[in-house]
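Peer 1: I need the structure of the sequence given here:
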Amino acid sequence: MERTEAFGALVRGGCRLCPRECGADREAGSTGFCGVTAQPTAARAALHYWEEPCISGKEGSGAVFFSGCTLRCVFCQNYEIAAGRAGRPVSGERLAEIFLELQEKGANNLNLVTATQFLPSVVPALLRARKRGLSIPVVYNSGGYEKTETLRLLEGIVDVWLPDLKYRSSELAARYSRAADYPEVAAEAIREMARQAGEPVFDGRGLMQRGVVVRHLVLPGCVRDSKDVLEHLWDTYGDRIYVSVMSQYTPRPHAAAYPELARRVTEEEYEEVVDYARFLGMKNVYIQEGECAKESFIPAFDCEGV
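Peer 2: Reported below is the predicted structural model:
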């Protein structure tokens, strides 16, 4: 109850859940920078097979895609839900049911995708579901732009952290995510995630039960910054965390105002970043092979399972 109240205090009278601290009265129906009110909205709840192998496995990850986002990156691959244009309102009781239904479908874990803006409702639903038998690991799938104050309230609730580290350049962060402080904020957030997770733990199938996987999406023309991201992670954590270097960037129509983003990452660019990971000595690295930059990798946000 105390934890639930602490989350409620961060949104009551003016939202302060995320680093934006926009102060919108979302409980009264105003939308924050995230584009949504405090009423939980989700666009999909289904088995998802396209996460890292230690997350999806063969059976799939039980992914709940929430609407809205605290970053709203111009190149967002899930723009329809990040902008709050897709999704269906759900009650706290229904959320608990969704979590249990995904477990019943055989999900390897419960994957909360961009849930920060709804934590005052998501956390009580999780606690309710656990009382009713939810036992699979909880994955917190995040853009990395998180307040450590908020993250500390998730200790003992989240098992696997799946954040992005998008940039080390404040210039890129300001241009593409309107968050010049992203590099520092995300780095601090990942430190808190790593503190909570401790050493990575896997089950006999190779599925992560506890730990951190940091994702980095290579953007066209941004190889230098990608190398800086990898260098920071290696210098800070070594092989105590896992890193996923992604090549799947797909140009979307909403990024038309940024001509440098109007193409996919070349094979040479991606290989240069992967080679740098090898040069640093990274061993716990996931890389993507073959044709991954396809819109078909973007799920249909048709409210399945919601």
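
Peer 1: May I ask which helix or strand encompasses the residue lying closest to R178 once chain neighbours are set aside?
Peer 2: Of all residues not flanking R178 in the chain, R72 sits nearest, at 7.0 Å (CB to CB, 6 or more residues apart in numbering). Backbone N, C-alpha and C define where each C-beta goes, glycine included. Under DSSP states H and E, no helix or strand contains R72.

Peer 1: next one: Y140
Peer 2: Per DSSP H and E: strand 138-142 holds Y140.

Peer 1: what pLDDT, on average, does the helix or strand just after that strand get?
Peer 2: Where DSSP H and E defines the elements, the next helix or strand beyond strand 138-142 is helix 148-152. For helix 148-152, mean pLDDT rounds to 97.

Peer 1: Tell me which other helices or strands helix 148-152 touches.
Peer 2: Secondary-structure packing of helix 148-152 (3 or more CB pairs under 8 Å, 6 or more residues apart in numbering; DSSP states H and E): helix 2-11, helix 182-197.

Peer 1: mind listing the helices for the stretch 201-306 of the chain?
Peer 2: All helices of the stretch 201-306 of the chain, identified by DSSP state H, counting those that start in this stretch, fall at 223-237, 267-280.

Peer 1: I'd like those as CSV, with mean neighbour count and mean pLDDT appended.
Peer 2: Formatted as CSV, the helices of the stretch 201-306 of the chain follow (neighbours: other CB atoms under 10 Å; pLDDT from 0 to 100):
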stretch, mean neighbour count, mean pLDDT
helix 223-237, 18, 98
helix 267-280, 16, 98
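
Peer 1: quick one, which of those helices is nearest to V185?
Peer 2: Closest approach to V185 among these (CB to CB): helix 223-237, 13.5 Å.

Peer 1: Next, the angle helix 182-197 makes with the closest one.
Peer 2: 30 degrees (axes from the mean of the first three to the mean of the last three CA atoms, to 10 degrees).

Peer 1: Mind jotting down where the helices sit in the stretch 51-200 of the chain?
Peer 2: In the stretch 51-200 of the chain, the helices defined using DSSP H, counting those that start in this stretch lie at 53-56, 79-82, 92-104, 119-131, 148-152, 170-177, 182-197.

Peer 1: Can you say which of those helices is packed in most?
Peer 2: Ranked by mean neighbour count, the helices of the stretch 51-200 of the chain are led by helix 79-82 with a mean of 22 (mean count of other CB atoms under 10 Å).

Peer 1: Could you pull up the mean pLDDT of that one?
Peer 2: On average, the pLDDT along helix 79-82 is 82.

Peer 1: Identify the residues contacting stretch 219-234?
Peer 2: The contact list for stretch 219-234, computed with CB atoms under 8 Å, 6 or more residues apart in numbering, reads 75, 165-169, 172, 176, 187, 214, 216, 218, 241, 243, 245, 249, 260-261, 263-266, 269, 272-273, 276-277, 280-282.
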